[in-house]
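A.B. asks: predicted coordinates and the sequence they were generated for:
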Amino acid sequence: MKAPVRVAVTGAAGQIGYALLFRIASGDMLGKDQPVILQMLEITPALPALEGVIMELNDCAFPLLAGTVATDDPNVAFKDADFALLVGAMPRKQGMERKDLLEANGGIFGPQGKAINDHASRDVKVLVVGNPANTNALIAQQNAPDLDPKCFTAMVRLDHNRAMSQLAEKTGAHSTDVKGITIWGNHSSTQYPDLHHATVNGKPALTQVDQDWYENTYIPEVQQRGAAIIKARGASSAASAASAAIDHMRSWALGTEGDEWVSMGIPSDGSYGIEPGVIYGYPVTCKDGKYEIVQGLDINDFSRLRLDATEQELREERAAVEGLFGK
Ligand SMILES: NC(=O)c1ccc[n+]([C@@H]2O[C@H](COP(=O)([O-])OP(=O)(O)OC[C@H]3O[C@@H](n4cnc5c(N)ncnc54)[C@H](O)[C@@H]3O)[C@@H](O)[C@H]2O)c1
Ligand SMILES: O=C(O)C[C@H](O)C(=O)O
């Protein structure tokens, strides 16, 4: 049996937390041979509800659950954490853009970044889910000067999964037949779901759908899917978000397969002409616990415009939160 790893989850008593913790404890994220200790962070008033979640976790008698910690202190939650899923933050309501949450949520991620810096494992893998995810990840990273900046990532995997499933539905295929999709940029309505390198059953996707559908239906529907869920459910996506978080961490920790790539929000190194430093959705492959940007993809004028528009939004978000960066 492997030694247990420590997985910190913030916002553990929230909607996503409720869908996420049980899947981590059952081995969906790190494998059926990897015991986990769940270190759950909540705000003080939510600790009683979190106690109830822990009662349920215990009632599942998961073979892989090696321990639980419930706390309102980030220094305790992130102690020796190997993985940290930063979910705790306010969700948007109908009519809001995700960046409207920056003021309400931005302040959460500086202190958490600092606590991660001071207490987590030196090669902790951090995934920010709380919105606006890319810029919150940047705030956390900028408060963790002792860690490799690449430890901090943001979730665009939900968009990636949505893009796969909507293309599969249109072409009468299954999502497993779809490869080579990229979500470039921000987890926001400027994100760019790129089909230029995608295939369905091995054939180029863009030869199987028409350009008008791609441009005027598919792209906006993927971009607006979060808002459509809020409208339909009266609450933001939770189970699908949790599932995407599991996918993101599993790919990062256990690797991607063959020439498959996935989309992750990661610190830009300037690849594809993107401003270095912003947390930008890129196509990546993962191996041995590290991610690497897929290089050499052709970017035509249609794509260039969209890569730059979502980069511009991330630069503006960064400018708005620079006051929250650590010294
Ligand atoms: N990146 C994505 O694809 C994606 C997808 C879905 C939702 N989200 C975002 O995830 C976040 C959580 O969504 P939810 O539906 O679970 O919301 P929720 O309101 O149900 O739960 C959030 C939880 O976070 C807790 N919390 C608040 N501040 C905290 C702090 N400082 N430390 C620890 N916990 C704290 C709250 O008490 C609450 O229990 C939202 O910001 C939402 O917009 C992102
Ligand atoms: O859209 C939202 O605000 C929630 C989440 O980011 C989503 O994409 O479903």
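C.D. replies: Cool, the structure landed. Ligands and ions are numbered 1, 2, ... in the order given.
A.B. asks: which bits of the stretch 1-150 of the chain sit near ligand 1?
C.D. replies: Within reach of ligand 1 by C-beta under 6 Å from any ligand atom, the stretch 1-150 of the chain has these residues: 10-11, 13-17, 41-43, 46, 87-92, 108, 129-131, 133. For every residue, glycine as well, the C-beta is placed using N, CA and C.
A.B. asks: er, the stretch 201-327 of the chain I mean
C.D. replies: 236-238, 241.
A.B. asks: of these, list those near ligand 2.
C.D. replies: Answer for those near ligand 2 (C-beta under 6 Å from any ligand atom): 236-237, 241.
A.B. asks: residues contacting Ala8?
C.D. replies: 39-41, 77-78, 81, 83-85, 120 (C-beta atoms under 8 Å, 6 or more residues apart in numbering).
A.B. asks: same thing but at 10 Å, please
C.D. replies: Ala8 is in contact with 37-41, 69, 71, 74, 76-86, 112, 115-116, 119-120, 124, 126, counting by C-beta atoms under 10 Å, 6 or more residues apart in numbering.
A.B. asks: surely it is in a strand?
C.D. replies: Yes: remark: Ala8 belongs to a strand, assigned using DSSP: H, G, I helix; E, B strand; the rest coil.
A.B. asks: for this protein, which helix is longest?
C.D. replies: The residue-count maximum for a helix in the chain (DSSP state H) belongs to helix 301-321.
A.B. asks: avg pLDDT for it?
C.D. replies: Averaging pLDDT along helix 301-321 gives 97.
A.B. asks: list the buried ones in that helix?
C.D. replies: 303, 306-307, 310-311, 313-314, 317-318, 321 (16 or more other C-beta atoms under 10 Å).
A.B. asks: so the closest residue to ligand 2 within the stretch 51-200 of the chain: helix, strand or coil?
C.D. replies: Closest to ligand 2 within the stretch 51-200 of the chain is Arg92: 4.3 Å, counting by C-beta to the nearest ligand atom. At Arg92 the chain is in coil, as set by three-state DSSP.
A.B. asks: so what's it up against?
C.D. replies: Counting by C-beta under 10 Å, 6+ apart, the residues that Arg92 touches are 98-101, 104-105, 131-132, 226-227, 230, 236.
A.B. asks: ditto for Leu102
C.D. replies: Contacts of Leu102 by C-beta under 10 Å, 6+ apart are 131-132, 135-136, 139, 317, 320-321, 324.
A.B. asks: distance-wise, check the residue nearest to Ala133 when sequence neighbours are not counted relative to Leu47.
C.D. replies: Spatial nearest neighbour of Ala133, chain neighbours left out: Ala154 (4.1 Å); criterion: C-beta to C-beta, 6 or more residues apart in numbering. Per C-beta to C-beta, to the nearest Å, Ala154 is found 27 Å from Leu47.
A.B. asks: neighbour count: these two, which is higher?
C.D. replies: Set side by side, Ala154 and Leu47 show more neighbours around Ala154, with 31 against 15, by other C-beta atoms under 10 Å.
A.B. asks: is it true that the more buried one touches Ala244?
C.D. replies: No: using C-beta atoms under 10 Å, Ala154 makes no contact with Ala244, being 11.5 Å away.
A.B. asks: pLDDT on stretch 242-250, on average?
C.D. replies: 98.
A.B. asks: ok so, going back, just the buried ones among the contacts of Ala8, please.
C.D. replies: 37-41, 71, 74, 77-79, 81-86, 112, 115-116, 119-120, 124, 126.
A.B. asks: picking that back up, quick check: neighbours shared by Ala154 and Ala244?
C.D. replies: With C-beta under 10 Å, 6+ apart, Ala154 and Ala244 have common neighbours 127, 129.
A.B. asks: burial count for whichever residue of the chain sits closest to ligand 2?
C.D. replies: Per C-beta to the nearest ligand atom, Gly226 is where the chain lies closest to ligand 2, at 2.1 Å. For Gly226, the neighbour count with other C-beta under 10 Å is 24.
A.B. asks: how much space separates it from Ala232?
C.D. replies: Gly226 sits 11 Å away from Ala232, going by C-beta to C-beta.
A.B. asks: least confident secondary structure element in the chain?
C.D. replies: When the helices and strands of the chain are scored by mean pLDDT, DSSP states H and E, helix 102-119 comes last with a mean of 94.
A.B. asks: show me which residues of it are buried.
C.D. replies: 102, 105-106, 108-117, 119.
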